[in-house]
Every structure is written in C-alpha cells, then in structure tokens.
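Q: this is a predicted model, with the sequence first.
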Amino acid sequence: MRRALYLALAVLVSQPSPAAAIATEDAVLRAREGAANLLRGKYRDAIASFDSALKARDLADARRANILNDRGVAKWRLKRPKEAIADFNNSVELFPDYALVYNNRGNALLDMGEAEQALLDFTRAIALAPNYGAAFNNRGNALLTLDRKEEARKDFRKAIQLMPTNAVPFNGRGKVHAALGRPFAGVRDFSRALNLNAKYSGARRNRGAAYLELRRDSDAVLDYTELIAQNPESAEFYFARGSAYARTRRYNSAVKDFSKAISLDPDHAAAYRERGAAFLRTKRFKKARADLAMSLSLDPGNVSALTKSANAYLRLGIAEEGLIHADKALSSEPNNAEALAARGQIYESLGRAEDAVTDYKAALAADPLLSSARIRLQKMGVAPPPPPKRETLGKPVKGWVISKLPAGHYLATNRRYPKIQVRLEMYGPGEPRIVDWTRMKNSLRGIALLRYRAGALGDDGAASYDYTAIVDLWKAKVVAVEPHSWGDKKARWDWKMASVTVTDPDGIANEVTLRTAPRDTYGRGNQFWSDDGWWAQGGRPAPRPRRPKPRRRPPSGGLFDWLFN
C-alpha cells in the first residue's frame with residue numbers, strides 16, 4: 001500500500017504542470033504551422049512559427065532537433081546558409097543520429113563552397129540511412145564539384161535506383177556524362193529527367209547545352225524557347241537561343257535574341273560580340289564594328305571579339321586599324337588559328353603577300369581543318385600543306401575506321417558516307433573497337449546501326465561495355481548513342497515504325513525518335529515507304545498510292561470547228 005502511494009506521488013512529480021503542458025501543445029501547433037508554410041514556400045512565415053515553437057522550455061530533445069532542422073531549411077531556402085548551418089549544428093547536438101540534418105547541413109556547406117565538409121556530412125547521412133536516395137544524389141553533387149566524376153556517376157546511379165521516379169538524379173548523372181565528354185549520354189539522362197518533370201528548367205538548360213555541343217541546333221532552339229517561356233526575363237536563355245540560331249544561319253532571329261539579351265543585361269559582353277558577328281555575316285559592317293567595340297569596352301582582352309573586330313575593319317576598308325586588333329589578339333594567343341587567318345587577310349589586302357602566306361600556314365598548323373586559310377592560299381597560287389593523317393585504330397570493319405583525336409576522343413568515319421562522323425563515347429578504360437555495321441530494311445530503311453566496344457567493364461578486361469550509334473543515312477546525322485550490353489547484361493531494343501525504345505540493363509528506358517512520318521501525295525500522314533510498299537501507322541501493308549491518269553476531254557465541236565476554229 002505504501003509502495004503504491006510512493007509510485008503515484010512519483011508520477012505526479014514527473015508530469016509537467018498544466019501550464020507547461022499547454023505551452024508544449026502550443027509549440028507543437030506552431031511547429032506544424034511552420035512545416036506547412038515551409039511546404040508552401042512561405043519561408044519567412046515558417047521561420048516565425050518555428051521561432052515561436054522553440055520558446056517552449058519543455059520540448060523533448062528529438063522534437064526540438066526536428067524544429068531546428070526545419071528552421072535551418074527555411075533559412076537555407078532564403079539564401080542564409082550561415083544561419084542555417086547554426087541551426088543544423090544545434091540540431092545535431094541534440095540528436096546526433098539524425099540523418100536528415102547531416103544531409104541538409106551538407107547542402108548548406110556545398111552552397112558556401114565547402115565541398116569537402118559537405119562530402120563528410122553526406123557520407124554520415126548515408127551511414128545512418130543506407131537507402132537515403134537524396135543523400136546519394138547530394139553526395140554526387142559534392143563529388144562532381146571536387147572533380148571526382150566517376151565516383152559522382154556511381155552515386156547518381158545509386159540515387160536513381162533508390163528514386164527511379166525522381167528527375168533530380170537523372171539530371172545529376174547527365175551533368176557527369178557531359179563533363180566526361182559524353183553528350184549523347186547526357187541528352188539521354190536529361191531527357192529522362194524531363195519526361196519525369198517537364199518543368200525542370202535545370203535539366204532543360206543542360207540538355208540545350210548538350211544539343212549545342214552535338215551541333216543539333218534546331219533541337220537546342222526548341223529547348224531554349226521552352227526555357228524562355230518559363231523565364232521570359234532571362235538574358236542567358238535568349239543568348240543561348242541566339243547562338244543556336246546563328247549556327248543555323250538564321251541571323252535575323254539571332255540578332256533579335258542577342259538584342260533582347262542586351263536589353264535584359266546591358267553589360268552582356270558576349271551578346272554584343274555575337275550580335276556583331278551576326279552583323280558581319282549579313283554584311284552590316286558598321287553595326288558590326290559598333291557592337292564589337294562595345295563588347296571590347298566591357299571585356300577588353302577577349303580574343304574572339306578582337307578577331308571579329310579586325311575582320312569588321314577589314315570589310316570597312318580600314319585595314320590598318322584591323323591589323324592593330326589582330327595583333328592584340330595574337331599577343332594573347334599566338335597560335336589562335338582564326339586570328340592568324342584574319343591577320344593573313346589583312347596582310348593580303350595591304351599587299352604584304354609573304355606575311356599573309358606565313359600567317360595562313362601558321363593558321364593551318366594550329367587548325368588543319370580551317371578551310372578559310374586553305375582557300376586563301378589556293379587563290380594566291382600557293383599549295384597549302386596537306387592535312388595531317390589521323391592516327392587510326394585497328395582494321396576497318398565494313399569500311400568504318402576509328403581515328404584518335406586530341407583530348408582522348410574517338411571518331412568513326414567511312415568513305416562511303418563522307419558527311420557522317422560518329423563520335424564514339426567511352427564508358428570504361430581502353431580503346432574502342434568497331435563490332436558491327438547493320439543497315440535496317442523495310443520500314444526502317446535509311447536507319448543504320450554502328451555497334452562498338454566502349455571500354456572495359458571490369459579491371460580484368462574480360463567484359464566490356466558495348467554501345468550502338470543510331471545513324472540516319474538520309475539526313476547524314478547520328479540520332480543517338482544507346483547501350484547494347486554491359487558485359488553479359490543486354491539492353492532491350494523495342495522497334496516501332498518511327499522510334500525505338502531502349503531499356504538499359506538497369507531497367508531504365510529511353511525512347512528515341514528516328515524520323516517523322518512523311519505525307520503522301522494525297523496529304524495522308526503517318527506512312528512510311530518500305531521495300532514492300534507503303535506501311536500505315538498500324539503496321540499493315542498497303543499498296544503504294546498511284547496518282548490517277550487524267551482523262552482526255554473530247555473535242556467540243558465537229559470536224560468543221562476543229563479545222564477552222
């Protein structure tokens with residue numbers, strides 16, 4: 001009896017007072033209110049609610065740690081990383097095994113440029129929660145910042161496995177591919193991210209940049225047009241779209257975009273420079289000179305602007321001033337091929353033929369494929385130096401040979417298809433090797449597949465990555481580079497009439513559009529010509545349509561009318 005009484009008294013003493021209980025309940029309500037505001041993006045209101053909640057003295061350590069973490073996130077969203085880190089530090093002290101806080105603190109540290117410290121936090125979060133997909137994704141970002149690309153790719157791959165419907169890790173892995181010189185792989189991952197989230201501007205920006213690298217300028221224009229619709233006040237996107245327009249020789253459209261970029265950012269030196277280049281292409285030399293002068297006032301040492309300015313003065317008949325600009329460019333970069341070619345033309349216009357020949361030859365030594373210098377030498381009656389032979393690997397396979405380019409890149413070419421150059425993306429150590437060349441038939445006629453070894457899969461070299469370049473022979477372009485197999489794990493290729501869906505060995509699918517359906521003479525779309533006739537979209541063969549022969553009209557009159565009228 002006495003023991004029961006002591007226990008009851010102990011319970012009464014341990015329970016908080018009614019006032020303290022009310023304060024704790026109010027703190028919980030304020031914390032929930034703050035969390036709701038955090039989700040709605042009302043970060044200042046969230047911080048006010050969290051401040052109110054933290055005033056309660058009897059909060060459990062775990063709950064207080066959670067509120068501090070949420071307030072840190074709100075401060076991080078408001079670009080106040082130092083204050084956010086202070087909240088995360090306090091949260092960790094109260095609850096050292098809280099994986100979420102380490103992940104959030106790592107993000108704040110990464111924003112402050114502390115990638116090494118951020119890496120430690122993300123690794124700690126993963127140790128506490130091995131299936132924490134966001135922590136793998138964020139650690140991939142830290143590794144990419146530290147230029148540890150292959151480790152970053154593995155982390156993004158793990159994040160994709162843990163969060164297959166989240167667009168963010170696909171975008172992260174795409175950035176790794178782009179940094180490793182694999183733009184086709186980058187496009188593949190950026191497209192997957194956009195399929196999951198069509199409004200993901202980061203992935204669209206990255207895909208646009210990859211398209212520009214692949215010289216798929218029309219595709220880049222579409223991406224930047226969508227970005228401009230989402231961000232109409234972005235000078236960056238107008239400049240990028242203008243650059244794509246200029247490469248497709250749509251100079252008037254390019255000028256409009258560069259002008260818009262300048263109106264949004266009056267100090268955009270590159271926009272002045274490229275608008276000046278567009279004016280040069282369209283023979284508006286005075287406008288070109290004015291824009292290039294403005295670009296140089298904002299960025300005085302820019303070699304590209306100096307070279308273009310030299311060309312503008314030459315076209316205006318002020319060769320001496322152009323020579324000054326060309327000399328300035330070459331004083332910064334003595335082996336700049338375009339600047340050497342520009343100065344060569346200026347020397348030629350000034351009657352200094354020997355100096356012009358010297359500069360043209362130097363330009364070709366710096367860039368053997370610079371056609372302008374080669375053409376000028378030929379017009380001067382001087383034989384240009386032969387282009388250097390590329391180092392080739394292995395024996396030709398069905399006419400295809402591999403050339404080794406600088407910076408570790410590889411190119412496959414075939415004399416039968418002189419306009420097609422296939423950039424071979426590598427995924428493992430070693431050198432590439434052509435495996436097979438297949439031309440498709442029937443409804444896929446005009447499409448061909450170049451399969452190649454893309455590097456060793458393991459350290460022993462027994463297995464390899466095999467990839468396939470999809471080539472459009474009619475348009476003379478590479479449509480995509482897709483996986484064929486990773487060792488003994490094969491990708492699945494599901495062919496349709498105008499597309500193919502490739503599912504890689506990880507189970508991630510990517511749809512590649514091969515061509516759009518041409519319209520027949522009667523205006524019916526979605527049909528493809530094959531060796532057996534016309535194929536409708538449903539896959540059923542149909543005879544090739546024939547235009548009906550016109551019937552002869554009988555004469556309107558008799559023999560008398562025909563003879564005399």
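A: Alright, I've got the coordinates.
Q: okay, now the nearest residue to residue 199 once chain neighbours are set aside: neighbour count?
A: Excluding its sequence neighbours, the residue lying closest to residue 199 (Cβ to Cβ, 6 or more residues apart in numbering) is residue 230, at 6.8 Å. (Glycine included, C-beta is placed from N, CA and C.) For residue 230, the neighbour count with other Cβ atoms under 10 Å is 11.
Q: any figure for the gap between residue 230 and residue 175?
A: 20 Å (Cβ to Cβ, to the nearest Å).
Q: and the helices in the stretch 451-565 of the chain?
A: Here the stretch 451-565 of the chain has its helices, by DSSP state H, counting those that start in this stretch, at 559-564.
Q: likewise for the stretch 251-400 of the chain?
A: Using DSSP H, counting those that start in this stretch, helices in the stretch 251-400 of the chain cover 251-264, 269-281, 285-298, 303-315, 319-332, 337-349, 353-366, 371-379.
Q: report the inter-axis angle for the shortest one versus helix 337-349.
A: Orientation note: helix 371-379 sits at an angle of 30 degrees relative to helix 337-349 (axes from the mean of the first three to the mean of the last three Cα atoms, to 10 degrees).
Q: cool, and the fifth one?
A: Computed with the same axes, to 10 degrees, the direction of helix 319-332 lies at 150 degrees from that of helix 337-349.
Q: same deal with the first one?
A: With the same axes, to 10 degrees applied, the angle from helix 251-264 to helix 337-349 works out at 110 degrees.
Q: give me the contacts around helix 251-264.
A: 233-236, 238-239, 241-243, 245-246, 268, 271-272, 274-275, 278-279, 281-282 (Cβ atoms under 8 Å, 6 or more residues apart in numbering).
Q: so how do I select the buried members of those residues in ChimeraX?
A: Only the buried entries of these go into this ChimeraX selection, using 16 or more other Cβ atoms under 10 Å:
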select :234,235,236,238,239,241,242,243,245,246,268,271,272,274,275,278,279
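Q: find the nearest non-adjacent residue to residue 457, please.
A: Here the residue nearest residue 457, using Cβ to Cβ, 6+ apart, is residue 463, at 4.1 Å.
Q: tell me the spacing between that neighbour and residue 422.
A: On the measure of Cβ to Cβ, residue 463 and residue 422 end up 23 Å apart.
Q: the two - which one has more neighbours?
A: In this comparison of residue 463 against residue 422, neighbours counted by other Cβ under 10 Å, the higher total goes to residue 422 at 22 against 15.
Q: that one contacts residue 471, doesn't it?
A: Yes - with contact defined as Cβ atoms under 8 Å, residue 422 counts as touching residue 471 (6.8 Å).
Q: what touches both of these two?
A: By Cβ under 8 Å, 6+ apart, the residues touching both residue 422 and residue 471 are 450, 478.
Q: per-residue confidence averaged over stretch 327-345?
A: Stretch 327-345 shows a mean pLDDT of 94 in the predicted model.
Q: any idea how many residues pack against the nearest residue to residue 298 once chain neighbours are set aside?
A: Of all residues not flanking residue 298 in the chain, residue 269 sits nearest, at 3.8 Å (Cβ to Cβ, 6+ apart). Residue 269 has 18 neighbours, counted by other Cβ under 10 Å.
Q: cool, residue 164 as well?
A: 15.
Q: can you pull the contacts of the spatially closest residue to it that is not a sequence neighbour?
A: Leaving aside its sequence neighbours, residue 164 sits nearest to residue 508 (Cβ to Cβ, 6+ apart; 7.5 Å). Contacts for residue 508 (Cβ under 8 Å, 6+ apart) come out as 160, 164, 192.
Q: and the residues you listed as JSON lines, adding secondary structure?
A: As requested, these are arranged in JSON lines below (DSSP: H, G, I helix; E, B strand; the rest coil):
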{"residue": "160", "secondary structure": "helix"}
{"residue": "164", "secondary structure": "coil"}
{"residue": "192", "secondary structure": "helix"}
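Q: would you turn the residues you listed into a markdown table with pLDDT?
A: Below are the contacts of residue 508 laid out as a markdown table (pLDDT from 0 to 100):
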| residue | pLDDT |
| --- | --- |
| 160 | 96 |
| 164 | 94 |
| 192 | 95 |
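Q: now render those residues as TSV, adding distance to residue 498.
A: Shown next, in TSV, are the contacts of residue 508 (distance: Cβ to Cβ, whole Å):
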residue	distance to residue 498
160	28
164	27
192	20
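Q: which one of these is nearest to residue 292?
A: Taking Cβ to Cβ as the measure, residue 292 lies nearest residue 192 of the contacts of residue 508, at 41.0 Å.
Q: do you know the pLDDT at the nearest residue to residue 500 once chain neighbours are set aside?
A: Excluding the flanking residues, the one nearest residue 500 by Cβ to Cβ, 6+ apart is residue 512, at 5.3 Å. Looking at residue 512, its pLDDT stands at 92.
Q: tally of neighbours for residue 512?
A: 16.
Q: residue 327 now?
A: 14.
Q: please apply the same query to residue 387.
A: With other Cβ under 10 Å as criterion, residue 387 counts 10.
Q: for the residue nearest to it when sequence neighbours are not counted, grab phi and psi.
A: Excluding the flanking residues, the one nearest residue 387 by Cβ to Cβ, 6+ apart is residue 368, at 4.6 Å. With angles defined as degrees, to the nearest 10, residue 368 sits at phi -60, psi -20.
Q: got the contact list for residue 368?
A: 385, 387, 388.
Q: pLDDT wise, what is it at?
A: 85.
Q: distance check, it against residue 136.
A: 45 Å.
Q: now do residue 300
A: 45 Å.
Q: so between the two, which is more surrounded?
A: residue 136 (26 against 11).
Q: mind checking what secondary structure the more buried one has?
A: helix.
Q: name the nearest residue to residue 434, sequence neighbours excluded.
A: residue 397 (3.9 Å).
Q: for the one you found, grab the count of nearby residues.
A: With other Cβ under 10 Å as criterion, residue 397 counts 18.
Q: which helix or strand contains residue 175?
A: Remark: residue 175 resides in helix 167-179, with elements defined by DSSP states H and E.
Q: what residues of that helix count as buried?
A: Neighbour count says helix 167-179 has 167, 168, 169, 170, 171, 172, 173, 174, 175, 176, 177, 178 buried, by 16+ other Cβ under 10 Å.
Q: output it as PDB, nothing but the C-alphas.
A: C-alpha atoms of helix 167-179 as PDB (Å, rounded to 0.1, in the frame of the first residue of the first chain):
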ATOM      1  CA  ALA A 167      14.100  13.700 -62.000                       C
ATOM      2  CA  VAL A 168      16.900  15.200 -60.000                       C
ATOM      3  CA  PRO A 169      19.400  12.300 -60.000                       C
ATOM      4  CA  PHE A 170      18.900  11.800 -63.800                       C
ATOM      5  CA  ASN A 171      19.900  15.400 -64.300                       C
ATOM      6  CA  GLY A 172      22.900  14.900 -62.000                       C
ATOM      7  CA  ARG A 173      24.200  11.900 -63.900                       C
ATOM      8  CA  GLY A 174      23.600  13.800 -67.100                       C
ATOM      9  CA  LYS A 175      25.900  16.500 -65.900                       C
ATOM     10  CA  VAL A 176      28.600  13.900 -65.100                       C
ATOM     11  CA  HIS A 177      28.300  12.500 -68.700                       C
ATOM     12  CA  ALA A 178      28.600  16.000 -70.100                       C
ATOM     13  CA  ALA A 179      31.700  16.700 -68.000                       C
END
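Q: what helices and strands are in contact with it?
A: helix 133-145, helix 149-162, helix 183-196, helix 201-213 (3 or more Cβ pairs under 8 Å, 6 or more residues apart in numbering; DSSP states H and E).
Q: so what's residue 69 up against?
A: 87, 88, 91, 98, 100, 101, 104.
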